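J.: Need coordinates for the below:
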Amino acid sequence: MNTINNIGLANNVDISLKFGFLGLGMGGCSIAAECASVKTTDNKSLYTAVLVNTNLKDFEKIKDREKEAIHEVPLKGYEGGAGRDIDKGEQAFIENKEAVLKSIERNFSDRDFVWIVAGLGGGTGTGAVLEAIDILYNYGFEGRFGLILTLPRDSEGGNVLGNTIERMHQISTAMQAMGAILIVDNQKLYTEYINKPGNATKSIDDFLKYCNSYVADTLHEINVITNSFAPFGDNHFDASEFANLIQTPGFISLSKLELGSLPDLDNDSAFSNKISGSIEDGVLSDGYDFRKTERAAVSVISNQTTAKSLFNLQFTNKMDIIMDTYAPKASEKPVAMYVHPTLSGIKFYLVFAGLGLPKRIKAIQHRVIEFDESKQEEETDEVLASLSSFTRVKKDKAKPAPGSLFKKSDFSSNNSELKRDYNSLFGKK
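T.: A predicted model of the protein is given here:
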């Protein structure tokens, strides 16, 4: 958060929603800590994080922790880590559930919305995510929490990818009990990062820091723009609408675009195509079918001079056409315009909620099947027909505790499009 043009950097910014971040495992804790480290220029903390992990060494990797904003909960008895064993990670969380719950009650009591943050594929975060969902659902945050989940890169191996698919399947059975799921696709971000000039010689730690900041900055900017700047005209995307959007079950896609000068609205390649490209590319993940969007919003911000020249009927009509194209069935899709006192250029923030699976998850599923085929080629038909054959669900695994969301075997969703996506992904009829 160090660029001159970052709208989140100001003494007088006013966030729409007070976010809490429940970080699980090394990856989840790193992102949650970064989000809670966001401050105004007068050193005011805006968000709160509770970090839950087994490996105490991972806590040491999180630098510059702010004691008033970031709170650690070590999973006692498992200080050496979970070793990519999701059952071990889940058990560590269960045995320390009381300590986690106390920290949540103490540090999230004033939060409007809580994000559970976990890296899929590993041990602690992947193992603990179902129990974390149950805690928030059963202890006061029903309808007020969502997920930020990172997807592993293809090179991380069959076990990691298998863990990812297993947990995604289980999460899918409780989709309607929570808000938005924000996917951070490390494969996408890694490819973009390494292809930028000068980045090829940087370390993997540099890349991970970049990813963490990217997530934190994006969420913060969208949370700021809805409540900090003067609306231009009658259209406004306010804090309550933002809350409705992120409380919408399903996947959510975030997009950003910055134009350095006034666009030629009559030239599609200079305007409409750029907006469409930013929607398709996304910020953190891509590959969504936007026609399934249930709610959407666009926020555009510029300085006063630019606003007077740009924010006219032609501009509004162009944006309406784009939104109607990508979100034809959305119940809400406002195009809101704002004025920033000193901003140079024009910034667009686009959010689409209630989406089905991104293609990347489907690609991971196919990779898992390929790994299993290479191990036992003669069982290919069984792999394709049965979820358990490629997610390695243990038959003797204990049943969820009473009240758990994950004892459900069927979808409670009324979203038939989303249901069909998951049935297709996991081989269900």
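
J.: From now on I want contacts and neighbour counts done on CA atoms only, so please keep to that.
T.: OK.

J.: For stretch 229-244, what does the pLDDT average out to?
T.: The average pLDDT within stretch 229-244 is 88.

J.: Can you find the helix or strand of this structure with the lowest average pLDDT?
T.: Every helix and strand in the chain was compared by mean pLDDT, DSSP states H and E; the lowest is helix 388-391, with a mean of 30.

J.: Give me the residues contacting stretch 97-113.
T.: Here stretch 97-113 makes contact (C-alpha atoms under 8 Å, 6 or more residues apart in numbering) with 17-20, 48-50, 52, 71, 73, 114, 135, 141, 144-146.

J.: Show me the helices in the stretch 201-350 of the chain, by range?
T.: For the stretch 201-350 of the chain, the helices defined by DSSP state H, counting those that start in this stretch occupy 204-228, 239-246, 272-281, 304-310, 313-326.

J.: okay if I get the ones you listed as JSON lines plus distance to Lys292?
T.: JSON lines is the format used below for these (distance: least, C-alpha to C-alpha, whole Å):
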{"stretch": "helix 204-228", "distance to Lys292": "22"}
{"stretch": "helix 239-246", "distance to Lys292": "14"}
{"stretch": "helix 272-281", "distance to Lys292": "14"}
{"stretch": "helix 304-310", "distance to Lys292": "30"}
{"stretch": "helix 313-326", "distance to Lys292": "9"}
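
J.: now the ones you listed in TSV, with mean neighbour count?
T.: Listed next are those as TSV, based on neighbours: other C-alpha atoms under 10 Å:
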stretch	mean neighbour count
helix 204-228	18
helix 239-246	18
helix 272-281	17
helix 304-310	15
helix 313-326	15
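
J.: Which among these is found nearest to Thr191?
T.: The closest of the helices of the stretch 201-350 of the chain to Thr191 is helix 204-228. By C-alpha to C-alpha, the value is 10.5 Å.

J.: packing partners for the closest one?
T.: Using 3 or more C-alpha pairs under 8 Å, 6 or more residues apart in numbering; DSSP states H and E, the elements in contact with helix 204-228 are helix 25-36, helix 186-194, helix 239-246, strand 295-302.

J.: winner for burial among these?
T.: When those are scored by mean count of other C-alpha atoms under 10 Å, the highest mean neighbour count falls to helix 25-36 (a mean of 27).

J.: ok, then the element right after that one?
T.: Note on helix 25-36: by DSSP states H and E, the next helix or strand toward the C-terminus is strand 48-53.

J.: what's the next secondary structure element after that next one?
T.: Strand 48-53 is succeeded, C-terminally, by helix 56-60 (DSSP H and E).

J.: Can you list the buried residues in the following helix or strand past that following helix?
T.: With elements assigned by DSSP H and E, the helix or strand that comes after helix 56-60 is strand 70-74. For strand 70-74, the neighbour count (16 or more other C-alpha atoms under 10 Å) marks Ile70, His71, Glu72, Val73, Pro74 as buried.

J.: Show me the shaky parts of this protein.
T.: Applying pLDDT under 70 to the chain flags residues 1-12, 61, 63-67, 372-403, 407-429.

J.: Quickly list what the spatially most central residue of it is bridged to.
T.: Centroid-nearest residue in the chain: Leu182, 2.2 Å away (criterion: C-alpha atoms, centre = their mean). Beta-bridge pairing for Leu182 (DSSP bridges): Ile148, Ile252.

J.: Test my guess that it contacts Leu147.
T.: Yes - between Leu182 and Leu147 there is a contact at 6.0 Å, judged by C-alpha atoms under 8 Å.

J.: so what's in contact with these two at the same time?
T.: The contact sets of Leu182 and Leu147 do not overlap (C-alpha under 8 Å, 6+ apart).

J.: The nearest residue to Cys29 once chain neighbours are set aside: neighbour count?
T.: Spatial nearest neighbour of Cys29, chain neighbours left out: Gly23 (4.1 Å); criterion: C-alpha to C-alpha, 6 or more residues apart in numbering. Using other C-alpha atoms under 10 Å, Gly23 has 29 neighbouring residues.

J.: how about Gly23, secondary structure?
T.: Following DSSP: H, G, I helix; E, B strand; the rest coil, the label given to Gly23 is strand.

J.: Now do the contacts for the residue lying closest to Ser261 once chain neighbours are set aside.
T.: In space, Ser261 comes closest to Gly345 once its chain neighbours are excluded; the distance is 5.5 Å by C-alpha to C-alpha, 6+ apart. When contacts are counted by C-alpha under 8 Å, 6+ apart, Gly345 touches Glu258, Leu259, Gly260, Ser261, Leu262, Ser302, Asn303, Thr306.

J.: ranking the residues you listed by neighbours, who comes first?
T.: Most surrounded of these: other C-alpha under 10 Å gives Ser302, at 24 neighbours.

J.: picking that back up, any figure for the gap between the residue nearest to Ser261 and Asn138?
T.: As defined by C-alpha to C-alpha, to the nearest Å, Gly345 lies at a distance of 45 Å from Asn138.

J.: same check, this time on Ile62
T.: Separation of Ile62 from Asn138 (C-alpha to C-alpha): 30 Å.

J.: residue boundaries of the strands in the stretch 51-200 of the chain?
T.: Remark: strands assigned in the stretch 51-200 of the chain by DSSP state E, counting those that start in this stretch are 70-74, 113-119, 145-151, 180-185.

J.: With respect to Pro231, which of the ones you listed lies nearest?
T.: Closest among the strands of the stretch 51-200 of the chain, using C-alpha to C-alpha: strand 113-119, at 24.2 Å.
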